[in-house]
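Enquirer: could you work out the structure for the sequence below:
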Amino acid sequence: MPLDSSAGPDLTLSGGLCLIPGEGLRPATLHCSGGRIAAVTCDRPPRGHGDIDMRGALVLPGIVDIHGDAFERQIMPRPRTMFPLDIALVDTDRQLAANGITTAYHGVTVSWEPGLRSLAEAQRIIAALDDCRDRLCVDHRIHIRWETFAIDAIDSVTALFSRVDRPLLAFNDHTTPTLAGGRQTSKIKGAAERAMVEPEVYMTLVNAIAERASEVPAAIRRIASAARDRTVPMLSHDDSSPETRQSYRDLGVSVAEFPLSGDTAEAAALAGDDLVLGAPNVVRGGSHNGAIGAEDAIRRGWCSILASDYYYPAPVQAAFGLIARDVASLDQAWDLISGAPARAAELDDRGHLATGARADIVVIPQGSVHPVLTLVAGKVAYSRL
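Expert: Okay, here's the model as predicted:
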C-alpha cells in the first residue's frame with residue numbers, strides 16, 4: 001500500500017519474514033503502537049487501516065550505527081568550504097534513513113585543533129542537532145571523540161555526560177603518531193585542511209601541544225572516572241598494542257574500535273571486549289589505510305560490531321555481503337550492525353524485534369540489498385513502497 005509520513009502511530013506489518021530473537025527468520029506480524037512494537041504474532045490479520053503488506057520482504061531491526069563521521073563531508077564537502085549546519089545535518093538524516101540506519105552516533109571530535117574538529121565546532125554541531133530535531137527522522141546521538149591531548153576541553157566534555165540522550169565517549173590519540181613521524185604527509189595535509197591552516201602552521205600547533213604530553217595520562221584517568229560515574233559507555237580508538245588496550249580496559253573502557261593490529265584485536269576478543277571495525281572495510285574487501293581486514297577478523301571471531309565509519313550505505317551492504325560469501329548467517333550478520341552495537345551502547349530498547357522494543361524497523365525485499373521502508377519509533381522515515 002502507498003505510504004505517507006502521517007500514517008499515524010498504529011501500524012501493522014504483515015506477510016513478511018521477520019528476524020525474531022532466538023528464532024531467526026519466520027513469518028510474523030508486527031503490531032506497532034505509540035512508537036513501540038506492541039505485539040509479535042503469527043497470524044496475518046485482515047487488511048485494514050494502517051496495515052502494510054510485507055509479502056516477499058525481510059523485516060529486520062533498525063541499524064544502530066555506533067560510529068559514523070560521514071556527516072563531516074556534508075559540513076565541509078571540500079577543503080576549507082563550510083556549509084550551514086542545518087542543511088548538512090538534515091541531508092545527513094535523509095542518507096541515514098535511506099540506508100536503514102535508525103540510530104546514529106555521530107563521531108563528533110573534540111580536539112586541540114582549530115577548524116572542523118575543534119571544541120567550538122563540536123559544540124556548534126551538537127547545538128545544531130538539538131535545534132533541528134523536529135526536522136530529523138532518525139535518532140541522532142553523540143559519539144564524543146575526545147583527543148587525549150585536548151586537556152583544556154575536559155570540563156566541556158564531561159558537561160555533555162548529563163544529556164538525556166547519553167553520549168558515548170571515545171579516547172582518540174592522533175597526536176602521538178604525528179609526533180613520532182608515524183603519519184603520512186598526505187594525512188598531515190588533510191588534517192591541516194580540516195583545521196583550515198597550512199601544513200607548516202599545523203605542525204607548529206602539534207609541536208606546541210606536545211609540550212603538554214606529561215599531562216595526558218592524568219587527563220585520561222580524570223575523564224574516564226567522570227564517565228564511569230555517569231555510566232557513559234567508553235571506547236578506545238586505534239589501539240596500537242594489546243598493552244594499550246589493557247590500559248584502557250583497566251579504566252573501564254570495554255569497547256575497542258579500529259585496533260591497528262591483529263594481535264591487539266585478538267587480545268581484545270579474548271578478553272571479552274566488544275570490537276568495532278568499519279563496514280566499508282568489508283564492502284571494499286579491506287582497509288583503506290592498511291589496517292586489519294574486517295572480514296578476516298569476523299571469520300576469526302575478533303569483530304563483534306560493524307560501523308558505517310565514513311560511508312552510510314556500508315552497514316547494510318556489508319551485512320548482505322557477509323551472508324552472500326557464507327561468512328555469517330543473517331542472524332549473525334545483522335547482529336553486527338544492529339543488536340551488538342545497541343548492547344554496547346547500552347540501548348536495551350532497540351536492535352531486536354520483540355514486544356516492547358522501539359519500533360525501529362527496516363524492510364528489504366528478498367533478493368535485494370536496498371531498504372524500501374525504514375520506520376523510526378513507528379514513524380515512516382523513508383519509503384519506496
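
Enquirer: only C-alpha atoms from now on, for both contacts and neighbour counts.
Expert: OK.

Enquirer: where does the stretch 151-300 of the chain dip in pLDDT?
Expert: Filtered on pLDDT under 70, the stretch 151-300 of the chain yields the residue ranges 182-183.

Enquirer: please enumerate the strands of it.
Expert: 168-172, 234-237, 255-257, 274-278 (DSSP state E, counting those that start in this stretch).

Enquirer: got those strands as a markdown table, with distance to Val362 and mean neighbour count columns?
Expert: Listed next are those as a markdown table, based on distance: least, Cα to Cα, whole Å; neighbours: other Cα atoms under 10 Å:
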| stretch | distance to Val362 | mean neighbour count |
| --- | --- | --- |
| strand 168-172 | 24 | 24 |
| strand 234-237 | 27 | 25 |
| strand 255-257 | 25 | 26 |
| strand 274-278 | 21 | 27 |
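
Enquirer: save these as CSV, and put in distance to Glu295 too.
Expert: Output for the strands of the stretch 151-300 of the chain, formatted as CSV (distance: least, Cα to Cα, whole Å):
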stretch, distance to Glu295
strand 168-172, 23
strand 234-237, 19
strand 255-257, 15
strand 274-278, 9
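
Enquirer: out of those, which comes closest to Gly62?
Expert: strand 274-278 (17.8 Å; Cα to Cα).

Enquirer: what strands flank that closest one, and is each parallel or antiparallel?
Expert: Sheet pairing for strand 274-278, assigned by DSSP bridges, gives strand 255-257 (parallel), strand 305-307 (parallel).

Enquirer: in JSON lines, list those along with distance to Ala159.
Expert: Below are the strands paired with strand 274-278 laid out as JSON lines (distance: least, Cα to Cα, whole Å):
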{"stretch": "strand 255-257", "distance to Ala159": "22"}
{"stretch": "strand 305-307", "distance to Ala159": "26"}
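
Enquirer: out of these, nearest to Asp130?
Expert: strand 305-307 (23.0 Å).

Enquirer: excluding its backbone neighbours, what's nearest His370?
Expert: Ile364 (6.0 Å; Cα to Cα, 6 or more residues apart in numbering).

Enquirer: which secondary structure elements does the helix or strand encompassing the one you found contact?
Expert: If you go by DSSP states H and E, Ile364 is part of strand 361-365. Judged by 3 or more Cα pairs under 8 Å, 6 or more residues apart in numbering; DSSP states H and E, the packing partners of strand 361-365 are strand 57-61, strand 373-376.

Enquirer: for the last one, output the C-alpha coordinates as PDB.
Expert: Okay, so that is strand 373-376. C-alpha atoms of strand 373-376 as PDB (Å, rounded to 0.1, in the frame of the first residue of the first chain):
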ATOM      1  CA  LEU A 373      11.000   1.100   4.200                       C
ATOM      2  CA  THR A 374      12.500   2.500   7.400                       C
ATOM      3  CA  LEU A 375      10.500   3.100  10.500                       C
ATOM      4  CA  VAL A 376      11.900   5.000  13.400                       C
END
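
Enquirer: give the buried residues for it.
Expert: Leu373, Thr374, Leu375, Val376 (16 or more other Cα atoms under 10 Å).

Enquirer: as JSON lines, these with distance to Ala70 would be great.
Expert: Listed next are the buried residues of strand 373-376 as JSON lines, based on distance: Cα to Cα, whole Å:
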{"residue": "Leu373", "distance to Ala70": "22"}
{"residue": "Thr374", "distance to Ala70": "20"}
{"residue": "Leu375", "distance to Ala70": "22"}
{"residue": "Val376", "distance to Ala70": "20"}
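
Enquirer: same list (those residues) but as JSON lines, adding pLDDT and distance to Ile323.
Expert: Below are the buried residues of strand 373-376 laid out as JSON lines (pLDDT from 0 to 100; distance: Cα to Cα, whole Å):
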{"residue": "Leu373", "pLDDT": "97", "distance to Ile323": "21"}
{"residue": "Thr374", "pLDDT": "98", "distance to Ile323": "21"}
{"residue": "Leu375", "pLDDT": "97", "distance to Ile323": "24"}
{"residue": "Val376", "pLDDT": "97", "distance to Ile323": "25"}
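
Enquirer: okay, Asp43 and Gly15: tell me how far apart.
Expert: 9 Å (Cα to Cα, to the nearest Å).

Enquirer: okay, and the common contacts of these two?
Expert: Ala28, Thr29 (Cα atoms under 8 Å, 6 or more residues apart in numbering).

Enquirer: which one of the helices and strands packed on strand 361-365 lies closest to Gly286?
Expert: Ranking the helices and strands packed on strand 361-365 by proximity to Gly286 (Cα to Cα) places strand 57-61 first, at 26.5 Å.

Enquirer: list the helices and strands the closest one packs on?
Expert: In terms of contacts (3+ Cα pairs under 8 Å, 6+ apart), strand 57-61 is packed against strand 11-20, strand 361-365.

Enquirer: which ones are touching Asp360?
Expert: Asp360 makes contact with Pro61, Gly62, Thr102, Arg350, Gly351, Thr374, Leu375, Val376, Ala377, Gly378 under the criterion Cα under 8 Å, 6+ apart.

Enquirer: perfect, that will be all.
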